[in-house]
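A.B. asks: Provided below are the primary sequence and the corresponding predicted coordinates.
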Amino acid sequence: MRYDATRHKEVSEQVLLILLSLAEEPRHGYAILKDVEGLSEGRIRLSTGTLYGALRRLLEDGWIEFFSEKDATRDRQAYRLTRVGRGALDAEVSRMKLLTKVAALRLSRSAA
Amino acid sequence: MLTMLYKFLVSFRRQDEVTLDMVATFEEARAEASARGAISYTRFAMRELMGLAFNKRPAKRPWLPVAAWGLGGLAAGIVATYIRPPQYSSEAFLVLSPPPIAESLYRSDSSLSVDSVLSTVRPPVLSRTVLTHIISTIGLYERARARQPIEAVIERMRRDIRIERRGENVILVKFTYGESPWGSLNPYGPDDQVPGDKPDRYQAQRVAQDLVTRMIDETIRNRTNQAYMTKQFFEDRSAKAATRWEKLNVAAQGLAPTDRRYERAVLDRDLARKEYESLRQKFSEAETMEDLVGRGQSRDLQLLDPASLPQVPDTSPLLIVLSGLGAGLLIGLLSGWLRTTREKPARLLPGLAEV
């Protein structure tokens, strides 16, 4: 299953940060919370309700999946990005890159 | 405490491994927040509870919650109509009519005003005895009587009755009543069309008419009693004054004009005579008043408009039910809108790639 860019869904800042957190490695819920807080430099502190609401949607859309840790001694669930999710994240990041590029171009034109 | 509340709120969610993991993560985060101190813990608690309250999973069928709210509102409307059945108001008007004989020809009793009638007639008409009699003879408040003591029912009836001044000489008598859930079975037909049915609007009219009749009767009774008692009072007083005058007259005649007590005795006699004449004048007026009251020609309370038969309830039950439905739909739409506006998308201009 590949990511279909034409059916791109809106990604909130919170979801984007969750996807970025999982892009590096599979993480469990609490680790995602802390990572998102770090990524946003403390600006965004997710509640568990918000986090798991987003995780459930991402699971249903197939962007993430459950991941079984090798060390299963701890009673918690880990999540990892799927290929579809990575495609969506790449598309979103590309979009943002393009935007910054266009923005820089426009700003330089107006400055000139 | 926070954990209990959290688990209670989470219990409304789908119980699967994601939810179980959420609770485990919450416990982990709670332990950490607790270790950071009270302020941190409070912030954490607020964030978690708000997160649960507002960040719910969007419904796959967005119309479903709206429809659910609408149905809930509809049910609330139906229940409200059952708890507070449609109310029918019957109104009657009384007028304080001027006497048929010109008041300039005699000293009329100007004390009979709308306010005096209201203050004297209202207490006996709204008394426990009268209201109990009306309730039992007309068969009012059957549902309430089955659940509540008669004192509570009487108090409720007093609240349903309005007797008040309208304009210079007019009194409004209004009774509002509604006992049948969703209105009468046959609200527009006569009583005998539905055997055993006692439409509320007819009962409201009967009570208003009964109250009006009682008010008129009470006024006449009061006026008659007052006129009789006034006449009796002045009759007795004038008789006593006459006796005193006679005694003083005999005493004055028994003294010679040269006697030094003579002048004082004549003065006392004249004063007693004036008092007698004044009382006699009042007695005569009281007698005239009694005669007028007896003939029904005094200033009196008369029926201006008989009790009306209400055609429709004060508030339509259909309107209440539809209001419930409307309110439910509105809440559903509002909550749906809140749900969608909670998350601010960071996604940038969709057509940017074409720039």
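C.D. replies: Cool, got the structure.
A.B. asks: and stretch A:46-55, is it in reach of chain B?
C.D. replies: Yes: in terms of CB under 8 Å from any CB of the partner chain, part of stretch A:46-55 sits within range of chain B, namely A:Leu46, A:Ser47, A:Thr48, A:Gly49, A:Thr50, A:Leu51, A:Tyr52, A:Gly53, A:Leu55. For glycine as for every other residue, the C-beta is placed from the backbone atoms N, C-alpha and C.
A.B. asks: what distance separates that stretch from the centre of its chain?
C.D. replies: Centre-to-centre, stretch A:46-55 and its host chain are 13 Å apart (CA atoms, centre = their mean, to the nearest Å).
A.B. asks: Skip the chain neighbours and tell me the closest residue to B:Asn249.
C.D. replies: Among residues not flanking B:Asn249 along the chain, B:Arg269 sits closest, at 5.2 Å (CB to CB, 6 or more residues apart in numbering or on different chains).
A.B. asks: Could you name the helices and strands sitting against the host helix or strand of B:Phe234?
C.D. replies: Element membership for B:Phe234, per DSSP states H and E: helix B:200-253. For helix B:200-253, the packing partners by 3 or more CB pairs under 8 Å, 6 or more residues apart in numbering or on different chains; DSSP states H and E come out as strand B:88-97, helix B:114-125, helix B:128-138, strand B:161-166, strand B:170-177, helix B:262-295, strand B:300-305.
A.B. asks: Let me have those in TSV, extended by mean neighbour count.
C.D. replies: Written out in TSV, the entries for the helices and strands packed on helix B:200-253 read as follows (neighbours: other CB atoms under 10 Å in any protein chain shown):
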stretch	mean neighbour count
strand B:88-97	21
helix B:114-125	16
helix B:128-138	15
strand B:161-166	15
strand B:170-177	22
helix B:262-295	16
strand B:300-305	17
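A.B. asks: quick revisit: tell me which two in the residues of stretch A:46-55 next to chain B are the farthest apart.
C.D. replies: A:Ser47 and A:Leu55 (12.5 Å; CB to CB).
A.B. asks: And residue 16, what's its pLDDT?
C.D. replies: In the absence of a named chain, chain A is used. Here, the pLDDT recorded for A:Leu16 equals 91.
A.B. asks: not what I meant, chain B
C.D. replies: 83.
A.B. asks: Number of residues surrounding it?
C.D. replies: 10 (other CB atoms under 10 Å in any protein chain shown).
A.B. asks: next one: A:Ala78
C.D. replies: The tally of other residues near A:Ala78 (other CB under 10 Å) stands at 19.
A.B. asks: so it sits right up against A:Phe67, yeah?
C.D. replies: Yes: using CB atoms under 8 Å, A:Ala78 is in contact with A:Phe67, at 4.4 Å.
A.B. asks: Quickly list what's touching both of these two.
C.D. replies: Between them, A:Ala78 and A:Phe67 share the neighbouring residues A:Pro26, with contact defined by CB atoms under 8 Å, 6 or more residues apart in numbering or on different chains.
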